[in-house]
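Q: Make a model of this:
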Amino acid sequence: MSFPKSFYSDSPTTFRSPSFGVLHKNSWVRCRTQSITDSPYSFASSRLSSLSGKYSLSPDPRSWGSDLYPDLVEPDDSLHDPDIPLRKELMHDYVSLSRRGLANIGCLTILCAGIIALFVGYPIATYVNNSVVPSSGFNLGGINATGQVPSMGNFGLIDLDTPKEVYTKASYRDGSDWILVFSDEFNTDGRTFYPGDDPYWEAADLHYWATNNLEWYDPAAVTTENGSLVITFSQIQTHDLNFQGVHRNKFCFTGGMFEASVQLPDASNVVGMWPAIWTMGNLGRAGYGATLEGMWPYSYDSCDVGTAPNQTLNGQPFAATVDGDHAYDGVLSYLPGQKLSRCTCNGEDHPGPKHKDGTYVGRAAPEIDMLEAQVSGLPGTGQVSQSAQWAPFNRNYAWDNTTDNMIVTDPSLSRLNTFVGNVFQQATSVVTDTNQRCYELNDGCFSIYGFEYITWLSDNKISWTIRSEGLRGDPTVEISARPVPSEPMYLILNLGMSRNFGPIDFAHLTFPNHLRVDYVRVYQPPHAINIGCNPHDYPTADYIKNHIEAYTNPNLTTWRNDYGQPFPKNSFIESC
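A: Below is the predicted model:
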């Protein structure tokens, strides 16, 4: 690159700048002594000189108005020196609070206290005020495990339509006042019960093959109408079956008093229909065979031969092989053994809990029937079988039904059921004549049925009572006492038909026919109110969750073969 000669001279000693005069090659002295007027741009140079004078700074910072020397001492130096302890008088000006500061802190304190009360205090208070009492319980939930109670309009635990005068009821056994803990009056017409439709009830969609029923249970067969729950049995082909009925379960409880106002289907003198209202322990699911193997109808908390398959071990006791069901050559039991027994080895798959001695509490799926309606005799008379099912079994299925243990209120209406058991169950059952007017094709009235652990009601009167001593141990078959069920139970209402239950008079039955329920109510002692199907002394939720396929797939009919899970090891039968 070349410069024009006006900017660059061939002289070795000078460089001419158009605005800064001459710069000597070896010294700046001449530049400093050179007059500014020598520049051809004297006006601009003068202006620059004026500006530089205005904004120039002295080399001494003290002339600027600030002392920047490090040895200068200032009042707040101690705040920045970690080696100097803070004195109270020094900090006073920096930590004292104004009224506004105190108000801010007060508001923040109140806000924090409110948040803690809302999200910590309120849940704790709610839990304490609704604490679980071990002796009883009821609940609702998708599969009767979680105990969640949705809040949906009128769907509280106590129906808003329930009359206030029935919020308390005297116990049938001791006369003490019990309080209403659940009710459903079914006053809202048009309710549906497909899965997810209702917070309390759910209609099943399956074939109840276990009792060879002739119908398919279908949610379309149940609704509410004219202030009642209506279950319809129709002569409609559904899933290759000629009839359609319904089977419902979603409400569970343990202990207390359970009653329902019921109109039975068809007529009181025509045989064939099988309406039932009953309960089962929550660890078994009606219609789901895998959950019932080794569970139904046990109610047992001992470790002995009563937990073994067929109620025998190495052919003993002998009475259990000859004094049983004559249809099976006298064999007493064909049950597979109690799956979740007190003999369960430590560490095996068991829902718990444990006794103080370290053994598991015996768990099962017992059954208590409020009613199973039937027609007997000539001419036909409407009756209800009110019973409980048990395992293991007494010799000859003969429980100790003395007058001390079986109390019948009116022998002219109630009598011991001739069916006492078979290789799959033992029954303690009494048959009672019903109010013959309260049938669909008779006068159409409603009759109150129920049970209070364990006293049964028919037509709003006590029909019979069983004492726990009636199920004491039986040394002839080497079994111990069978306790009244303490499992959380859920409610089932169904209208079916099966030749297992009795003959069917197709010629005189009317289709469709209906089972109607005006209300369902549950009472419990005020000191023993419990909400939840998962009480701490009889837990179910985790076990059901761990085996959810068995509890939701009705096609799995056995635990070991279809579901593919073993029974836990039993210390009475094998070493742990």
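
Q: C-alpha from now on. contacts and neighbour counts both.
A: Noted.

Q: Mind jotting down where the strands sit in the stretch 301-450 of the chain?
A: Counting by DSSP state E, counting those that start in this stretch, residue ranges of the strands within the stretch 301-450 of the chain are 367-376, 381-390, 406-408, 414-416, 421-422, 425-433, 447-452.

Q: any weak-confidence spans in the protein?
A: For the chain, the stretches with pLDDT under 70 are 1-58, 60-72, 75-97, 127-155, 205-216, 237-251, 501.

Q: quick check: domain ranges of it?
A: The chain breaks down by automatic domain parsing into domains covering 1-47, 75-131, 164-498+530-552.

Q: quick one: which of those domains is nearest residue 567?
A: When these are compared by C-alpha to C-alpha, domain 164-498+530-552 sits nearest residue 567, at 5.7 Å.

Q: most packed of the domains of the chain?
A: Using mean count of other C-alpha atoms under 10 Å, the stretch among the domains of the chain with the greatest mean number of neighbours is domain 164-498+530-552 (a mean of 20).

Q: now do the same end-to-end measure for it.
A: One end of domain 164-498+530-552 to the other measures 38 Å (C-alpha to C-alpha, to the nearest Å).

Q: can you check stretch 443-455 too?
A: End-to-end distance for stretch 443-455, by C-alpha to C-alpha: 28 Å.

Q: max-length helix in the chain?
A: Ranked by residue count and defined by DSSP state H, the top helix of the chain is helix 99-116.

Q: Off-centre distance for that one?
A: Between the mean C-alpha point of helix 99-116 and the mean C-alpha point of its chain there is a distance of 39 Å (C-alpha atoms, centre = their mean, to the nearest Å).

Q: Next: stretch 426-436.
A: Mean-position distance between stretch 426-436 and its chain equals 34 Å (C-alpha atoms, centre = their mean).

Q: residue ranges for the helices of the stretch 301-450 of the chain, please.
A: Here the stretch 301-450 of the chain has its helices, by DSSP state H, counting those that start in this stretch, at 319-322.

Q: What segments of this protein are helices?
A: Under the criterion DSSP H, the chain carries helices at the ranges 29-33, 42-55, 88-95, 99-116, 122-129, 289-292, 319-322, 541-546, 548-552.

Q: ok, back up a step: as CSV, could you dump the C-alpha coordinates of the longest helix of the chain?
A: C-alpha atoms of helix 99-116 as CSV (Å, rounded to 0.1, in the frame of the first residue of the first chain):
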residue,chain,number,x,y,z
ARG,A,99,-43.7,-0.8,61.6
ARG,A,100,-44.0,-1.7,57.9
GLY,A,101,-41.3,-4.4,58.3
LEU,A,102,-43.1,-5.9,61.3
ALA,A,103,-46.4,-5.9,59.4
ASN,A,104,-44.8,-7.7,56.5
ILE,A,105,-43.4,-10.4,58.7
GLY,A,106,-46.7,-10.7,60.5
CYS,A,107,-48.6,-11.2,57.2
LEU,A,108,-46.1,-13.8,56.0
THR,A,109,-46.4,-15.7,59.4
ILE,A,110,-50.2,-15.7,59.2
LEU,A,111,-50.1,-16.9,55.5
CYS,A,112,-47.6,-19.7,56.3
ALA,A,113,-49.8,-20.8,59.3
GLY,A,114,-52.9,-20.9,57.1
ILE,A,115,-51.2,-23.0,54.4
ILE,A,116,-49.9,-25.4,57.0
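
Q: by contact count, what packs against that helix?
A: Helix 99-116 makes packing contacts with no helix or strand when contacts are defined by 3 or more C-alpha pairs under 8 Å, 6 or more residues apart in numbering; DSSP states H and E.

Q: rewinding a little: dump the domains of the chain to JSON lines, plus distance to residue 569.
A: Putting the domains of the chain into JSON lines (distance: least, C-alpha to C-alpha, whole Å) gives the following:
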{"stretch": "domain 1-47", "distance to residue 569": "101"}
{"stretch": "domain 75-131", "distance to residue 569": "35"}
{"stretch": "domain 164-498+530-552", "distance to residue 569": "6"}
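
Q: so which of these gets nearest residue 517?
A: In this view, the domains of the chain are compared for proximity to residue 517 by C-alpha to C-alpha, and domain 164-498+530-552 is the closest at 4.6 Å.

Q: So which residues make contact with stretch 513-525?
A: Residues outside stretch 513-525 that contact it (C-alpha atoms under 8 Å, 6 or more residues apart in numbering) are 168-169, 177-186, 227-234, 255-266, 275, 440, 446, 495.

Q: and residue 471, what does it touch?
A: By C-alpha under 8 Å, 6+ apart, the contact set of residue 471 is 399, 400, 481, 482, 483.

Q: Not including adjacent chain positions, what is the nearest residue to the fourth one?
A: In this case it means residue 482. Nearest-residue entry for residue 482: residue 300, 5.2 Å, with adjacent residues in sequence omitted and distances by C-alpha to C-alpha, 6 or more residues apart in numbering.

Q: shouldn't residue 480 be in contact with residue 302?
A: Yes - Residue 480 is in contact with residue 302 according to C-alpha atoms under 8 Å; the separation is 6.6 Å.

Q: Which one of the domains of the chain lies nearest to residue 59?
A: For the domains of the chain, distance to residue 59 was read as C-alpha to C-alpha. The smallest value, 19.3 Å, belongs to domain 1-47.

Q: what's the span of stretch 304-314, first residue to last?
A: 13 Å.

Q: err, stretch 199-217, not the other one
A: Using C-alpha to C-alpha, the span of stretch 199-217 from its first residue to its last is 20 Å.

Q: Also stretch 328-344?
A: Here the two ends of stretch 328-344 are set 29 Å apart, with distance taken as C-alpha to C-alpha.

Q: Next: stretch 510-530.
A: Start-to-end span of stretch 510-530 (C-alpha to C-alpha) is 42 Å.

Q: For that stretch, what is the distance to the chain centroid?
A: In this view, stretch 510-530 has its centroid 21 Å away from the chain centroid, taken as C-alpha atoms, centre = their mean.

Q: in that stretch, what's buried?
A: When burial is assessed from 16 or more other C-alpha atoms under 10 Å, stretch 510-530 yields the following buried residues: 510, 513-525, 528-530.

Q: and what of stretch 564-576?
A: For stretch 564-576, the neighbour count (16+ other C-alpha under 10 Å) marks 567, 568, 569, 570, 571, 572, 573 as buried.

Q: Hmm, residue 559 is touching residue 288, no?
A: No - under the contact definition of C-alpha under 8 Å, residue 559 does not touch residue 288, with a separation of 9.8 Å.

Q: Overlap of the contact sets of those two?
A: residue 550.

Q: of all the domains of the chain, which lies closest to residue 157?
A: Judged by C-alpha to C-alpha, the one of the domains of the chain that comes nearest to residue 157 is domain 164-498+530-552, at 4.9 Å.

Q: what about the closest one, distance to the chain center?
A: When distances are taken as C-alpha atoms, centre = their mean, domain 164-498+530-552 is centred 21 Å away from the chain's centroid.

Q: Of the contacts of residue 471, which is the nearest to residue 368?
A: Out of these, the member with the shortest distance to residue 368 (by C-alpha to C-alpha) is residue 483, at 12.7 Å.

Q: contacting residues for the closest one?
A: 299, 300, 301, 468, 471.

Q: again, 10 Å this time
A: Applying C-alpha atoms under 10 Å, 6 or more residues apart in numbering, one finds that residue 483 lies in contact with 298, 299, 300, 301, 390, 468, 469, 471, 472.
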